[in-house]
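K.L.:
Coordinates for the following, if possible.
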Amino acid sequence: MANKKIGIGMLVMALAFGMAVVGCGGNGSSSNINFLDHIGLSQETPGSLPSFLDNTSYNAIINHVGAANYLGWAIFDGEFFMVWENKTQSDRDSLHSFLYSTHSMTSPDDDHVNFTPTRLSQGGFYVPAGTLWTTFEYQ
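P.N.:
Below is the predicted model:
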C-alpha cells in the first residue's frame, strides 16, 4: 500500500513535469531546473485558497508539518501546492493522517500528500530529495 502511494505521487509529479515541459517550450536544452523554483513558491499568505481550505486550516497544516521547513505555496496547473523540504516518509504519513482525521480533506485512499525520498528528475526538471508537498484542486 505504501509503495502504491509513493508510485502514485511520483506519477503525479511526472505528469506535472511533462505538462511544464510542454507548456514552456524552450530551446530543447537538457537543463536541470528545480521544479519548485519553476512553479513560483511564495511564503506570503495566500490571497485566495481552495474553496474548502480557510486560513486557520492552512496555518494548521503548516504548523503540523513544521513551519521551519515550509518553502511556501503555489498555484500551478490548476493545483494548489504546499511544499516543505528536508522531510521524511514519516512526515508524509503524519500529514496524510492529519488531513484525513482533522480536516477531512482526503480519504484514506486519496493521495494529496506526496514525498520524494530521493531526487526525482524528468524532462529537464528535478524535485530535491526530502521534498514533501500537498496538492489540492484549485478553483
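K.L.:
pLDDT weak spots in the chain?
P.N.:
The chain contains residues with pLDDT under 70 at 1-31, 103-111, 139.
K.L.:
in it, which spans are strands?
P.N.:
Using DSSP state E, the strands of the chain run over residues 33-34, 70-76, 79-84, 113-116, 120-122, 125-127, 131-137.
K.L.:
Ok, which of the ones you listed comes nearest residue 97?
P.N.:
strand 113-116 (9.3 Å; CB to CB). For glycine as for every other residue, the C-beta is placed from the backbone atoms N, C-alpha and C.
K.L.:
strands paired with the closest one, and their directions?
P.N.:
Here strand 113-116 is paired, per DSSP bridges, with strand 131-137 (antiparallel).
K.L.:
chain center to the partner strand, what's the gap?
P.N.:
3 Å (CA atoms, centre = their mean, to the nearest Å).
K.L.:
before we move on, what about stretch 76-83?
P.N.:
On the basis of CA atoms, centre = their mean, stretch 76-83 sits 7 Å off its chain's mean C-alpha point.
K.L.:
what comes into contact with that stretch?
P.N.:
Stretch 76-83 is contacted by residues 16, 19-20, 23, 36, 39-41, 46, 49-50, 53, 58, 61-62, 70-75, 131-138 when judged by CB atoms under 8 Å, 6 or more residues apart in numbering.
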